[in-house]
Each structure stands twice: as structure tokens, then as C-alpha cells.
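Novice: Coordinates for the following, if possible.
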Amino acid sequence: MVDLLKAEMTVAGATLRLSTPVLAVSKSAGGFHVSLPGADVACEALVIATGGKSIPKMGATSFGYQLAEQFDVGVVETCPGSSP
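Specialist: You can find the predicted model right below:
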């Protein structure tokens, strides 16, 4: 499955960046502008996989929720579960 995703990303001209902190995201005329340490990236589409904020010891934060709020994207209210 991972190989298929990487192949599709190559065809689309996408770049995969893992463990890369995002300093800021803003909307631009052509899509998005993303500020990263040592680089600024312009893109038409943006996918951010942040995990859930329920397991902070695994590095999860509320960044995804903050970004959704910044761009007025609806989010289902979270609530405690019986397991992570």
C-alpha cells in the first residue's frame, strides 16, 4: 500500500515530508503557502496528517484542530473514549 501511495505521489509531483514541523500555513492565490524550518513551500493542495491529540506522549498535538479552525473547517467535537 505504501509503494502505491509513493508511486501516485511521484506521478502527481507531490513531496512527502515526515517529522517536519510546520511553522505557518496561509492561503495564497494558487493554493497554500507553508513555512517550514529552512524552507517555504507553495502548493495547490495540502494534506496534513497530524494524528489525534488524545495521545500526547506519542507526539500528537492539537495542530490539526488549530489549522481547521484557522481555515473555518468544521470539526466534530472530541470526547474521552475508553481506549486510545
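Novice: Can you report how many residues lie near His33?
Specialist: By other CB atoms under 10 Å, the residues close to His33 number 16. C-beta coordinates here come from the backbone N, C-alpha and C atoms, glycine included.
Novice: ah, wrong one, I meant Lys57
Specialist: Counted with other CB under 10 Å, Lys57 comes out at 6.
Novice: Would you quantify the distance from it to Tyr65?
Specialist: 18 Å (CB to CB, to the nearest Å).
Novice: And the average pLDDT for the longest helix seen in the chain is what?
Specialist: What stands out as the longest helix in the chain, according to DSSP state H, is helix 2-12. The average pLDDT within helix 2-12 is 91.
Novice: Now do the buried residues in the very next helix or strand once past that helix.
Specialist: As assigned by DSSP states H and E, the chain's next helix or strand after helix 2-12 is strand 24-28. Within strand 24-28, the residues scored as buried using 16 or more other CB atoms under 10 Å are Val25.
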